[in-house]
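Engineer: Turn this into a structure:
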Amino acid sequence: MDTQLLNNRYNAFGPWITRLAGCKVQKISVNAGFTCPNRDGTLGWGGCTYCNNQTFNPEYCDTGKSVTQQLEEGKQFFARKYPDMKYLAYFQAYTNTYAGIDVLKKRYEEALSVDGVVGIIIGTRPDCMKPQLLDYIEQLSRRAIIIVEYGIESSFDDVLLHINRGHDFQCVRQAVEKTAERNITVGGHIIIGLPATYDKHDYIKTEAQAMSQLPLSTIKLHQLQLVKGTSMAQEFAEHPERFHRYTVDEYVDAVIEFMEYSRPDIVFERFVSQSPPELLAVPGWGLKNYEFTALVNKRMAEKGAFQARLWNSTVKNNSPNS
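Structural biologist: Numbering: from 1, shown residues only. Reported below is the predicted structural model:
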């Protein structure tokens with residue numbers, strides 16, 4: 001096991017991205033005005049049952065503003081604290097590969113032309129990455145930092161079906177593998193506590209091992225949040241028995257378990273997400289990200305826990321659908 005990992009307990013995103021960029025960088029979210037095939041009728045209507053993009057769009061993310069304007073306003077927001085910072089344009093809202101290739105090239109190139117922007121993060125779905133676009137992103141990755149971040153959410157097909165995700169885990173596997181084959185950095189996004197997971201034996205272990213079999217460089221975890229106006233909030237009101245609502249302590253332990261069953265080289269970008277309280281149908285924990293991370297670090301030290309402690313490199317194709 002790597003000594004640095006043992007000392008730090010897990011691979012954190014901050015030091016990793018600093019090494020990758022060669023300098024301190026800050027993500028700036030961009031809303032490029034894309035939609036989603038799970039909303040416009042191509043795959044379905046209404047989107048995933050948990051989805052409300054208002055929960056993570058900063059005020060400067062406005063589709064009435066150009067990509068350049070959003071990035072410049074984001075730079076102004078961060079420059080007060082970090083005047084020497086470089087930036088990553090984070091195409092976050094909805095599906096940021098869901099448009100014609102010419103449109104996508106225009107948006108990505110515009111972002112990279114903004115002074116101080118050294119790379120882009122492309123948030124998308126595993127069923128929305130065409131070979132032609134991968135060709136272009138592969139070329140782009142040779143001159144800038146590029147991270148493709150796939151919404152995976154779960155490795156269980158029945159859970160993906162339940163939340164109206166519109167694809168199965170095999171689709172995830174194929175997209176991640178094809179992207180990584182191009183030497184493009186790949187991230188994955190996982191939600192802990194989705195309905196239909198509450199009674200699954202070894203749920204956290206299974207999810208962690210399934211993700212570790214994918215060529216992912218980074219993982220984002222976050223707790224399920226029930227947002228007003230979503231189908232999932234309505235489902236919770238009608239069928240709360242389908243959900244396990246984690247306490248803070250339970251979720252700290254779940255995060256640690258996930259990391260202990262994960263590959264030693266995976267980088268963990270975050271553990272929680274905090275939606276604006278006024279948008280939540282069920283109150284959140286009231287903890288900021290750094291406060292939750294401090295709890296994780298404290299608990300890991302108490303338990304002698306560290307990333308990959310329980311990882312088994314001989315586990316193959318350990319998704320529940322294999």
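
Engineer: If you count neighbours, what's buried in stretch 155-171?
Structural biologist: When neighbours are counted by 16 or more other Cβ atoms under 10 Å, the buried residues of stretch 155-171 are found to be 155-157, 159-160, 162-169, 171. The C-beta positions use only the backbone N, C-alpha and C, and glycine is treated the same way.

Engineer: quick one: low-confidence ranges for the stretch 201-322 of the chain?
Structural biologist: 314, 316-320, 322 (pLDDT under 70).

Engineer: Can you tell me the SS state at the residue most central in space within the chain?
Structural biologist: Centroid check for the chain by Cα atoms, centre = their mean gives H189 as the closest residue, at 3.1 Å. Secondary structure, DSSP: H, G, I helix; E, B strand; the rest coil: H189 is strand.

Engineer: on that earlier part again, export the buried residues of stretch 155-171 as TSV, with columns for distance to Q69.
Structural biologist: Formatted as TSV, those follow (distance: Cβ to Cβ, whole Å):
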residue	distance to Q69
S155	39
F156	41
D157	41
V159	39
L160	36
H162	39
I163	34
N164	34
R165	33
G166	32
H167	33
D168	39
F169	38
C171	35
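
Engineer: Dump those to CSV, plus secondary structure, pLDDT and distance to D127.
Structural biologist: CSV is the format used below for the buried residues of stretch 155-171 (DSSP: H, G, I helix; E, B strand; the rest coil; pLDDT from 0 to 100; distance: Cβ to Cβ, whole Å):
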residue, secondary structure, pLDDT, distance to D127
S155, coil, 97, 16
F156, coil, 96, 17
D157, helix, 96, 14
V159, helix, 94, 16
L160, helix, 94, 11
H162, helix, 92, 17
I163, coil, 91, 15
N164, coil, 88, 13
R165, coil, 89, 9
G166, coil, 87, 7
H167, coil, 91, 5
D168, coil, 95, 9
F169, helix, 97, 12
C171, helix, 96, 5
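
Engineer: Of those residues, which is the nearest to Y251?
Structural biologist: Among these, V159 lies closest to Y251 (Cβ to Cβ), at 17.7 Å.

Engineer: how far away is the closest one from E250?
Structural biologist: Remark: distance between V159 and E250 (Cβ to Cβ, to the nearest Å) = 19 Å.

Engineer: same question, V172
Structural biologist: 26 Å.

Engineer: These two: who's more crowded?
Structural biologist: V172 (26 against 13; other Cβ atoms under 10 Å).

Engineer: what kind of secondary structure is that one in?
Structural biologist: V172 ends up helix, using three-state DSSP.

Engineer: Enumerate every residue touching it.
Structural biologist: V172 sits next to P126, Y150, I152, S155, G188, L214 when contact means Cβ atoms under 8 Å, 6 or more residues apart in numbering.

Engineer: quick one: the fourth one from A21, how far?
Structural biologist: Put plainly, it is S155. S155 is 30 Å from A21, by Cβ to Cβ.

Engineer: can you check the fifth one too?
Structural biologist: Distance from G188 to A21, counting by Cβ to Cβ: 20 Å.

Engineer: Please say which of the two ends up with more neighbours.
Structural biologist: Taking neighbours as other Cβ under 10 Å, G188 and A21 compare with G188 leading, 23 against 15.

Engineer: Tell me the bridge partners for the more buried one.
Structural biologist: On the basis of DSSP bridges, G188 is bridged to Y150, I219.

Engineer: which residues does it contact?
Structural biologist: Counting by Cβ under 8 Å, 6+ apart, G188 touches E149, Y150, I152, V172, V176, M211, L214, L216, T218, I219, K220.
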